[in-house]
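Colleague: I would like to see how this sequence folds:
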Amino acid sequence: MTAIESRLHALLKTGHAVVNARYDTTEPYAVTFGFPGAEWVISRELLAEALHCGQAGIGDVRVTAPGDLITVGLSTPEGSGWVVFRRDDLAELVAATFDAVRPGTESAAIDWSQA
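Modeller: Numbering: from 1, shown residues only. Okay, the predicted model is just below:
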């Protein structure tokens, strides 16, 4: 098992914060973000698509990346919010996850006997 942990500086509706990001190769499809008071699991493919195309996602998670900043919009039946990251910080995190588990090989990284 390999885990990648990163502390990302972010802007929330309530002000500046440090968000803990964690990628675990035993769950190779997702990145977990620890926000003050909440945790969200977001597809690394969705993050990569937004970095490449400028936007990605529908429904509960929408990511826009038009320039140096990335905005992640999050919504639940209880409410919605957003977080803004520096593009370079998020790109570095996504690249590290791709180094740990190459895209297209995620299924081989899963221990199916434990699933």
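Colleague: and the gap between the nearest residue to residue 68 once chain neighbours are set aside and residue 52?
Modeller: Nearest in space to residue 68, with sequence neighbours left out and distances taken as CB to CB, 6 or more residues apart in numbering, is residue 87 at 5.1 Å. For every residue, glycine as well, the C-beta is placed using N, CA and C. According to CB to CB, to the nearest Å, residue 87 and residue 52 sit 12 Å apart.
Colleague: go on, residue 59?
Modeller: 20 Å.
Colleague: and these two? Which one has more around it.
Modeller: residue 52 (11 against 6; other CB atoms under 10 Å).
Colleague: helix, strand or coil: sort out the more buried one for me.
Modeller: Classification of residue 52 using DSSP: H, G, I helix; E, B strand; the rest coil returns helix.
Colleague: now swap in residue 66 and tell me
Modeller: coil.
Colleague: residue 93 too?
Modeller: Going by three-state DSSP: residue 93 is helix.
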